[in-house]
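Undergrad: here is a sequence with its predicted model. Questions after.
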Amino acid sequence: MAKLTKNQKVAYAKVDSDKVYTLQDATKLVKDCSFTKFDSSVDLSVRLGVDPRKANQMVRGVVTLPHGTGKTVRVLVLCTPDKEQEARDAGADHVGLDDFIQKIEGGWTDVDIVITMPSVMAKVGKLGKILGPRNLMPNPKTGTVTNDVGKAVTDVKGGKIDFKVDKTGIIHASIGKVSFDAAKLYENAQELLQTIVKLKPSAAKGTYLKSIALSSTMSPGIRIDSKGIAG
């Protein structure tokens, strides 16, 4: 491990690495441990008792965080001309189709979410090699391939996130900013965890929530007691 800075030493001293905390205590502690000059993200990491290489144990879903993520989400809508105004009115940052497909083919991916419509998926599908590795590929399961583009934009701007288990069996998700009240961080974390519990695959055996940790940028991870969370 790299040498800790003075601020990191102070932060690490506040967290007992042998202790598991309640979710409520952890959301208070994560605020105390933050020392960055910017408003750090608060992230939840959940290790699941699943084998993500098996299709019947893949955990993926969407959740609307009650208090949003605190991040400004840049949204691109790839749609037919008749839907462009609807997308703009909902707050999309970029709206178009062929012109943006060309930009993306040229390497432009300066957005956080891409929303599109079923009727243009054939065109958008060609961008899979560029958008896929960046987790930007629209997907009907996450509500980003829809005819209701206005609602999709409003949802993602309002705190809807999608998450999936990675190949090591962990879900990583941002649940807010250090500037949030501890109560809001708690409610956001609770909403995400309850959603993950509901998605437990029937093929998953043994302990489902193996470990949960909360951290902010550069802070120590705070271990959370998963017993209080069903699953």
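TA: Done, it's in. Note that the structure is predicted; figures quoted are calculated from it, not measured.

Undergrad: going by C-alpha atoms from here, please, whenever you check contacts or count neighbours.
TA: Noted.

Undergrad: what residues sit buried inside the longest helix anywhere in the chain?
TA: Longest helix in the chain by number of residues (criterion: DSSP state H): helix 182-198. For helix 182-198, the neighbour count (16 or more other C-alpha atoms under 10 Å) marks 182, 184-193, 195-197 as buried.

Undergrad: also stretch 121-135?
TA: Across stretch 121-135, burial judged by 16+ other C-alpha under 10 Å covers 121, 124, 127, 130, 131.

Undergrad: which strands and helices lie in contact with the helix or strand hosting the fourth one?
TA: If you go by DSSP states H and E, residue 130 is part of helix 128-131. For helix 128-131, the contact count by 3 or more C-alpha pairs under 8 Å, 6 or more residues apart in numbering; DSSP states H and E identifies no helix or strand as a packing neighbour.

Undergrad: that helix: how far from the chain's middle?
TA: From the chain centre to the centre of helix 128-131 is a distance of 19 Å (C-alpha atoms, centre = their mean, to the nearest Å).

Undergrad: relative to the whole chain's centre, how far out is the helix or strand just after that helix?
TA: Next helix or strand after helix 128-131 toward the C-terminus (DSSP H and E): helix 149-157. Relative to its chain's centre, helix 149-157 lies at 16 Å (C-alpha atoms, centre = their mean).

Undergrad: residues in contact with helix 149-157: which ones?
TA: For helix 149-157, the external contacting residues (C-alpha atoms under 8 Å, 6 or more residues apart in numbering) are 64, 72-73, 75, 77, 83, 86-87, 89-92, 115-117, 143-144, 146.

Undergrad: are any of the residues you listed buried, and which?
TA: Among the contacts of helix 149-157, those classed as buried by 16+ other C-alpha under 10 Å are 64, 73, 75, 77, 83, 86-87, 90-92, 115-117, 143-144, 146.

Undergrad: what helix or strand is the residue nearest the centre of the chain on?
TA: Of all residues in the chain, the one closest to the mean position by C-alpha atoms, centre = their mean is residue 173, 3.9 Å from it. Here residue 173 sits within strand 170-177, counting by DSSP H and E.

Undergrad: beta partners of residue 209?
TA: Applying DSSP bridges to residue 209 yields these beta-bridge partners: residue 48.

Undergrad: just the buried residues of stretch 121-135 now: which is nearest residue 227?
TA: Nearest to residue 227 among the buried residues of stretch 121-135, counting by C-alpha to C-alpha, is residue 131 at 37.7 Å.

Undergrad: residues in contact with the closest one?
TA: With contact set as C-alpha under 8 Å, 6+ apart, residue 131 has these partners: 109, 137.

Undergrad: ok, back up a step: pick out the most distant pair among the buried ones among the contacts of helix 149-157.
TA: Using C-alpha to C-alpha, these span at most 24.1 Å, a distance reached by 64 and 83.

Undergrad: worst-scoring helix or strand of this structure, pLDDT-wise?
TA: helix 6-14 (a mean of 72; mean pLDDT, DSSP states H and E).

Undergrad: picking up where we left off before, just the buried ones among the contacts of helix 149-157: which are in strands?
TA: Taking DSSP state E as the definition of strands, the buried ones among the contacts of helix 149-157 contribute 64, 75, 77, 115, 116.
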